[in-house]
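Enquirer: mind looking at a prediction? Sequence and model below.
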Amino acid sequence: MQIRFIHTSDWQIGKVFRFMDSTAMGLLQEARLQAITRIGEFAGEHAVRHVLVAGDVYDMEALPPRSLNQPLERMRSFTGVQWHLLPGNHDPHRPNGLWDRLLGKGLPENVHAHVAPEPMILEEIGAALLPAPLHYRRTLDDPTAYMDEVELPDGFVRIGLAHGTVTGFGSDDRETPNYIDPDRPKRAGLAYLALGDWHGQKKINDRCWYSGTPETDAFDVIDGGRALLVEIEGPAAPPTVTPVPTGRYTWTHFSERINRRKDIDFLAEKLRGSADELDRVLVHLTVAGALSLEDRQYFQDQIEDGVSAAFCFMRVDDRQLFSRPTAEDLDRIDRGGFVRMAAEKLMQQIEEGGKAERELAAEALQRLYIEHMKLQASQR
């Protein structure tokens, strides 16, 4: 009998995105719930009976009842699917904590919270699930170690479910919190080890995978927005693992050098043409170069205030975009008097000062330019 299940992790329901406004954050929080629906729909369409969630179902322990119940209600509606939830480092199982509250209230019949390292027999597919829940945010013990000693009836395929990291990239990985031995499948006779914690999808070896988060949540996540369809023909056969797209939003980088207005127009056109549905894209834009005060304001109008409105969110890194004031810029501020003297003094600091002094002077001169443009506009 072929064993088939979906491997997912790191839903992090209730995640807070502090670097964006409340509107964009609300959209991303809702998308994390929608990903559950897409996983359930895929399972139904492909006759998959079990979904394994390898930790961090929730982003934090202190969540209001609505946030706790929203994913449960989504899962409840897929009555033909059994959902297996594992406490991770963001939502560890503690006495009287989040999972005790959920279990005390009662979970939907098709939702299982694996809060103890105890095997669960899945007889209809001929498999045994070996969960490794976390009881602390950080532990130096490998939570999967117990799997080596678990005895099961003959014929059941062993599937591990855990949350942690297979490497700390240090001199002794075993001092890494929540360390998981990447050789655990071999040591414990696992046909597959479903891991969570890394938000990008990653293959560790033929029998050990990270599913990644089903909805990408950061610009540095690679291969997020997916789940995994896992198919196993038997204990000795290597699993067939197929990525399943689940994410709604795309997080992308752009890096441009701009030194004149023409460059700004080109950048605006490039950004607007970067996707069919711009409102489903989050952009991290890095710009470098030097602009006149007039063109710096044009960049603000066209890119930061203009094109950015087409995207779900845009972050602009302009630390390497310097002011290069021209004589025309200074004339637009004032042709004489105290204000012109102040502008020229700032110009001198930009040309001769240290790095911090140049940056402060450039910001002050740009602000002076903007305020005088506003004043002139109001007097027309």
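Expert: Alright, I've got the coordinates. Numbering: from 1, shown residues only.
Enquirer: could you measure the spatially most central residue of the chain against Thr250, distance?
Expert: Central residue of the chain (C-alpha atoms, centre = their mean): Asp217, 1.8 Å from the mean position. Plainly put, Asp217 is 12 Å away from Thr250 if you go by C-beta to C-beta, to the nearest Å. (Glycine included, C-beta is placed from N, CA and C.)
Enquirer: Leu193 now?
Expert: Distance, Leu193 to Thr250, by C-beta to C-beta: 29 Å.
Enquirer: do Leu291 as well
Expert: Leu291 is 29 Å from Thr250, where distance means C-beta to C-beta.
Enquirer: gap between stretch 292-303 and the chain center?
Expert: 31 Å (C-alpha atoms, centre = their mean, to the nearest Å).
Enquirer: average pLDDT for that stretch?
Expert: When pLDDT is averaged over stretch 292-303, the result is 91.
Enquirer: still on that earlier bit, which one of Leu193 and Thr250 is surrounded by more residues?
Expert: Between Leu193 and Thr250, counting by other C-beta atoms under 10 Å, Leu193 is the more crowded of the two (32 against 18).
Enquirer: contacts only, for the more buried one.
Expert: Residues near Leu193 by C-beta atoms under 8 Å, 6 or more residues apart in numbering: Thr144, Ile159, Gly160, Leu161, Ala162, Arg184, Pro185, Arg207, Cys208, Trp209.
Enquirer: for Phe42, state which of the residues you listed is nearest.
Expert: Of all the contacts of Leu193, Phe42 sits closest to Trp209, with 17.1 Å by C-beta to C-beta.
Enquirer: grab the nearest non-local neighbour of the closest one.
Expert: Computed as C-beta to C-beta, 6 or more residues apart in numbering, the closest residue to Trp209 that is not its neighbour in sequence is Lys203, at 5.4 Å.
Enquirer: quick one: strands adjacent to the host helix or strand of that neighbour?
Expert: Using DSSP states H and E, Lys203 sits within strand 202-205. Note on strand 202-205: by DSSP bridges, its sheet partners are strand 208-210 (antiparallel).
Enquirer: the strand it pairs with: what's the following helix or strand?
Expert: Sequence-wise, the next helix or strand downstream of strand 208-210 (DSSP H and E) is strand 226-232.
Enquirer: show me what contacts the residue nearest to Met147 when sequence neighbours are not counted?
Expert: Distance criterion C-beta to C-beta, 6+ apart; nearest residue to Met147, sequence neighbours excluded, is Ala188 at 3.8 Å. Shown in contact with Ala188 (C-beta under 8 Å, 6+ apart): Leu130, Thr144, Met147, Asp148, Val150, Arg158, Gly160.
Enquirer: how does the protein divide into domains?
Expert: Listed by automatic domain parsing, the domain ranges of the chain are 3-245, 250-378.
Enquirer: among the contacts of Ala188, name the buried ones.
Expert: Neighbour counting by 16 or more other C-beta atoms under 10 Å classes Leu130, Thr144, Met147, Arg158, Gly160 among the contacts of Ala188 as buried.
Enquirer: tell me which of these fall in strands.
Expert: Taking DSSP state E as the definition of strands, the buried ones among the contacts of Ala188 contribute Leu130, Arg158, Gly160.
Enquirer: now, among those residues, which is nearest to Asp56?
Expert: Of all these, Gly160 has the smallest distance to Asp56: 16.7 Å, by C-beta to C-beta.
Enquirer: which residue packs closest to the closest one, ignoring adjacent ones?
Expert: Nearest non-adjacent residue to Gly160 (C-beta to C-beta, 6+ apart): Leu193, at 4.0 Å.
Enquirer: tell me the mean pLDDT for the host helix or strand of that neighbour?
Expert: Secondary structure from DSSP H and E places Leu193 in strand 192-196. Average pLDDT, strand 192-196: 98.
Enquirer: partners of Thr240 in the sheet?
Expert: Beta-bridge partners, per DSSP bridges, of Thr240: Glu231.
Enquirer: start to end distance for stretch 187-202?
Expert: 21 Å (C-alpha to C-alpha, to the nearest Å).
Enquirer: can you give me the buried ones in it?
Expert: In stretch 187-202, counting by 16+ other C-beta under 10 Å, buried: 188, 190-201.
Enquirer: so which of those residues comes closest to Leu140?
Expert: Asp197 (15.3 Å).
Enquirer: out of the domains of the chain, deepest packed?
Expert: Mean neighbours per residue, mean count of other C-beta atoms under 10 Å, is largest over the domains of the chain for domain 3-245, with a mean of 18.
Enquirer: figure out how far that one is from the centre of its chain.
Expert: Here the centre of domain 3-245 is set off from its chain's centre by 16 Å, with C-alpha atoms, centre = their mean.
Enquirer: and the nearest residue to Phe17 once chain neighbours are set aside, what element?
Expert: Spatial nearest neighbour of Phe17, excluding adjacent residues (C-beta to C-beta, 6+ apart): Met25 at 4.5 Å. Following DSSP H and E, one finds Met25 within helix 22-45.
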